[in-house]
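Peer 1: The following comprises the amino acid sequence and a computationally predicted model.
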Amino acid sequence: MYIQQIHNESFPVGEGRVKMNYAGTEYYLKQLNQIGTATLSNTTAEEKAIINSSYLPSHTEMVEMLKPEGNPDALILSYWMPDLDTKVGNALVTTICAMYDVNVKETMALSENGPGVFFSALEYAQRALNRGEYKEIWLFYLNQFQGGSEKDERIFWNEPGKGVWLKLTNAQSDKKCPNIKVTRCKPGTHHGNTPDLSESWENIASFLNALTNQKAGESLKYRHFNEYSSLVLDIESNC
Amino acid sequence: MIGIEELVYYIPERRVAIKDLQRELRLTEDDLFVHTTFLGQKEIAYDPDMPLMNLLTGSMDQLMNKPNTGKYKITHLLYTHTVGCNQAPLQPLLKDIVRKYDLQQCNAMAVTQVSCAAGITALKYAENLLYDAPDDEAVIILSGDRSFGSWRKQPGTAITGDASTAALITKTSSVRKVLNTNMEIDSRFHMGFNDPKVLEEFRKDGLDKLKDFVERSIARSNATLSDIKLILPSITNKSSWKTVANHLGIETNRIYVENVPRIGHCFTADNFINYCTAKQEGKIKPGDLCLFLATGTGFFYTSALIQE
């Protein structure tokens, strides 16, 4: 498949614009509290202060800043941290359709797959385009670090967020663009240990930056270790 | 073409009568009357002490013990749920499921944001995932939410319950062939129906759109409504589906609503549960055409045409 367009935005903490949607995080925490996977009481004043002083855009704002354009047949949204813009009764995927007045045949929202969910979405897009029913797919990868939890302890990150939008097609256009391929590495044929969470995220962010800046004649390779299993995905992009 | 080679469901044994939930769910006398008469709800499968993991493994245990499941390489596990934030992000239960069932070469992920239609859309995703795949590859669709908090009550529509389903999707299945899947989006209603004006707008042509969608979906496989033995919808309520049957011009008993008084609306697992119980009751015979049908707020129309 081909990357016809790629837009990549970082969302540094504390650079103004809109203050983070604390109500969204609070809503999310309450949901977790109700099903017993986290307790609100562990949220410290210091953590609340981090949240309140941090700038992070909402997912909808991130999409807006990525300025997607075109005529997609399908729209895939992938995200690591929970999407707080989708609550009871609405869906960010259709909000995007409304924002850009696009009439897609399919939407997909992928999550709970670790920071490498982008690669899972890419693998899906490749298979969907191979089937031949779609000519253009929009793929979003949105990460905003507005809150996580680890066992009984609440942790909050104030790392920069990242948003990426790709326009993927099954055919090359007039303009030369990168050909990207996702393959599954055969079990036992790779070496190396699964990187830890933060290293994995940093590596992924670096690769996305490299992909955005890929020059003609350049070849990029990335090996992604799935966080949940022994699955290894090899990504190769040739421009 | 894909098929649902194996399909199992798990519903906790505990049942609660709607009338016994009146105080807990703050149902007025009028609410109670509407839910138990017009909407046709009676009992809910609801076990607040059961962790979500146990609800899901209730189905997964059964599926993984089926002899056919062991014949395939499971490449993807699609976990569908309606509730957006149903677990903490760094302690995802899919990681535990992958380990428990030794699905080490499987890409496990959640598919959401289609509300209660996520089970059907996962069939659509499986069509894409398996299109180019070898015949020995398969996808598992695991569906299930635990009812909690504000999700327990959808006033005027349904009281929700707990259940899960697991399906083995293959290209070689000789049963439950998926003839086609369909999804249409009406993004005018992307923000839901909290605004009464928006709801009013939706009601103007919502039924007509659903009728057109159903007819288009069936026609994609060169069939007509008269060829459909049974429509298997979400287990929301009886009155809405009766209205839909009337609008489609079909007998009300061709939309299967038998589970409405038994278990409540179990989110994305509904269509699969309906298939299983309708089959057990002898309402689906080999060769019959059935239509999985669900709508999702946001707003989605989804269907899957299945041949037993």
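Peer 2: Received the coordinates, thanks. Residues are numbered from 1 along each chain as shown, chains lettered A, B, ... in the order given.
Peer 1: In the sheet, which residues pair with B:I185? Tell me.
Peer 2: Beta-bridge pairing for B:I185 (DSSP bridges): B:F300.
Peer 1: residues near it, how many?
Peer 2: 26 (other CB atoms under 10 Å in any protein chain shown). Yep, even glycine has a C-beta here, placed from its N, CA and C like the rest.
Peer 1: I'd say it and A:V102 touch.
Peer 2: No. If you go by CB atoms under 8 Å, B:I185 and A:V102 don't touch, sitting 9.5 Å apart.
Peer 1: Strands of chain A, start to end?
Peer 2: All strands of chain A, identified by DSSP state E, fall at A:2-11, A:74-79, A:106-111, A:136-143, A:148-150, A:153-155, A:161-169, A:179-184, A:219-225, A:232-238.
Peer 1: Make a markdown table from these and add mean pLDDT to it.
Peer 2: Compiled in a markdown table, the strands of chain A are given as follows (pLDDT from 0 to 100):
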| stretch | mean pLDDT |
| --- | --- |
| strand A:2-11 | 92 |
| strand A:74-79 | 95 |
| strand A:106-111 | 94 |
| strand A:136-143 | 94 |
| strand A:148-150 | 42 |
| strand A:153-155 | 41 |
| strand A:161-169 | 93 |
| strand A:179-184 | 95 |
| strand A:219-225 | 91 |
| strand A:232-238 | 93 |
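Peer 1: now those as a markdown table including mean neighbour count and distance to A:A205?
Peer 2: Below are the strands of chain A laid out as a markdown table (neighbours: other CB atoms under 10 Å in any protein chain shown; distance: least, CB to CB, whole Å):
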| stretch | mean neighbour count | distance to A:A205 |
| --- | --- | --- |
| strand A:2-11 | 18 | 8 |
| strand A:74-79 | 25 | 14 |
| strand A:106-111 | 25 | 18 |
| strand A:136-143 | 26 | 8 |
| strand A:148-150 | 18 | 17 |
| strand A:153-155 | 14 | 19 |
| strand A:161-169 | 23 | 6 |
| strand A:179-184 | 16 | 17 |
| strand A:219-225 | 17 | 12 |
| strand A:232-238 | 17 | 14 |
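Peer 1: out of the ones you listed, which comes closest to B:T181?
Peer 2: For those, proximity to B:T181 was assessed by CB to CB; strand A:106-111 is nearest, at 9.4 Å.
Peer 1: How about the contacts made by the closest residue to chain B within chain A?
Peer 2: Across chain A, the shortest distance to chain B (CB to the nearest CB) belongs to A:G89, at 2.8 Å. By CB atoms under 8 Å, 6 or more residues apart in numbering or on different chains, the contact list for A:G89 reads B:115, B:191-194, B:297-298.
Peer 1: And what about B:D212, helix, strand or coil?
Peer 2: Under DSSP: H, G, I helix; E, B strand; the rest coil, the three-state class of B:D212 is helix.
Peer 1: Now for it, how many residues are close by?
Peer 2: Neighbours around B:D212, by other CB under 10 Å: 13.
Peer 1: So for it, what's the pLDDT?
Peer 2: pLDDT, B:D212: 97.
Peer 1: repeat for the one 4 residues further on
Peer 2: Reading off the per-residue confidence, B:R216 sits at a pLDDT of 97.
Peer 1: which residue sits closest to it, ignoring its sequence neighbours?
Peer 2: Sequence neighbours aside, B:N182 is the residue nearest to B:R216 in space, at 7.1 Å (criterion: CB to CB, 6 or more residues apart in numbering or on different chains).
Peer 1: can you tell me the helix or strand for the one you found?
Peer 2: Per DSSP states H and E, B:N182 falls inside strand B:177-185.
Peer 1: tell me the angle that strand makes with strand A:74-79.
Peer 2: Strand B:177-185 and strand A:74-79 are oriented at 80 degrees to each other (axes from the mean of the first three to the mean of the last three CA atoms, to 10 degrees).
Peer 1: List the buried residues for strand B:177-185?
Peer 2: For strand B:177-185, the neighbour count (16 or more other CB atoms under 10 Å in any protein chain shown) marks B:178-185 as buried.
Peer 1: now do stretch A:92-112
Peer 2: Under the neighbour-count criterion of 16+ other CB under 10 Å, stretch A:92-112 has A:92-97, A:100, A:102, A:104, A:106-112 buried.
Peer 1: what about it, start to end distance?
Peer 2: Stretch A:92-112 has an end-to-end distance of 17 Å (CA to CA, to the nearest Å).
Peer 1: That stretch and chain B, are they touching?
Peer 2: Yes. Applying CB under 8 Å from any CB of the partner chain, one finds stretch A:92-112 touching chain B at A:92-95, A:97-98, A:103-112.
Peer 1: do you know how far the closest residue to B:G298 other than its chain neighbours is from B:D186?
Peer 2: Among residues not flanking B:G298 along the chain, A:A91 sits closest, at 3.3 Å (CB to CB, 6+ apart). The gap separating A:A91 from B:D186 is 11 Å, by CB to CB, to the nearest Å.
Peer 1: Now the common contact residues for these two.
Peer 2: Among the neighbours of A:A91, those also in contact with B:D186 (CB under 8 Å, 6+ apart) are B:F300.
Peer 1: Have a look at the two and say which one is more surrounded.
Peer 2: The neighbour comparison of A:A91 against B:D186 (other CB under 10 Å) goes to A:A91, with 31 against 20.
Peer 1: I'd guessed the more buried one sits against A:M108; true?
Peer 2: No. With contact defined as CB under 8 Å, A:A91 and A:M108 do not form a contacting pair (11.1 Å).
Peer 1: where does chain B have low pLDDT?
Peer 2: Where chain B drops to pLDDT under 70, the residues are B:85-91.
Peer 1: So which residues of it form helices?
Peer 2: Assigned by DSSP state H, the helices in chain B fall at B:29-33, B:52-64, B:93-100, B:118-130, B:196-219, B:238-248, B:260-263, B:270-280.
Peer 1: Check the offset of the third one from the chain's centre.
Peer 2: Going by CA atoms, centre = their mean, to the nearest Å, the spacing between the C-alpha centre of helix B:93-100 and its chain's C-alpha centre is 22 Å.
Peer 1: Same question for the longest one.
Peer 2: Centre-to-centre, helix B:196-219 and its host chain are 19 Å apart (CA atoms, centre = their mean).
Peer 1: Please identify the buried residues of that helix?
Peer 2: Of the residues in helix B:196-219, those buried (16+ other CB under 10 Å) are B:202, B:206-207, B:209-211, B:213-214, B:217-218.
Peer 1: Equivalent analysis for the fourth one, please.
Peer 2: With burial defined by 16+ other CB under 10 Å, the residues of helix B:118-130 counted as buried are B:118-130.
Peer 1: next one: the shortest one
Peer 2: Neighbour-count burial for helix B:260-263, counted by 16+ other CB under 10 Å, picks out B:260-263.
Peer 1: Which strands and helices lie in contact with it?
Peer 2: Counting by 3 or more CB pairs under 8 Å, 6 or more residues apart in numbering or on different chains; DSSP states H and E, the packing neighbours recorded for helix B:260-263 are strand B:43-45.
Peer 1: Now tell me what touches the strand it packs on from outside.
Peer 2: Applying CB under 8 Å, 6+ apart, the set of residues contacting strand B:43-45 is B:11-12, B:14-18, B:21, B:147, B:159-163, B:261-264, B:266.
Peer 1: Which ones among the contacts of A:G89 map onto strands?
Peer 2: With strands taken from DSSP E, there is no overlap with the contacts of A:G89.
Peer 1: List buried residues within those residues.
Peer 2: Buried among those by 16+ other CB under 10 Å: B:115, B:191-193, B:297-298.
Peer 1: Farthest pair within those?
Peer 2: Farthest apart among these - using CB to CB - are B:S115 and B:M191, which lie 13.0 Å from each other.
Peer 1: What distance do you get for B:L225 to B:L289?
Peer 2: In terms of CB to CB, B:L225 sits 10 Å off from B:L289.
Peer 1: OK, contacts around B:P233?
Peer 2: B:241, B:244, B:255-257, B:270-271, B:274, B:293-294.
Peer 1: Fine, thanks again, bye for now.
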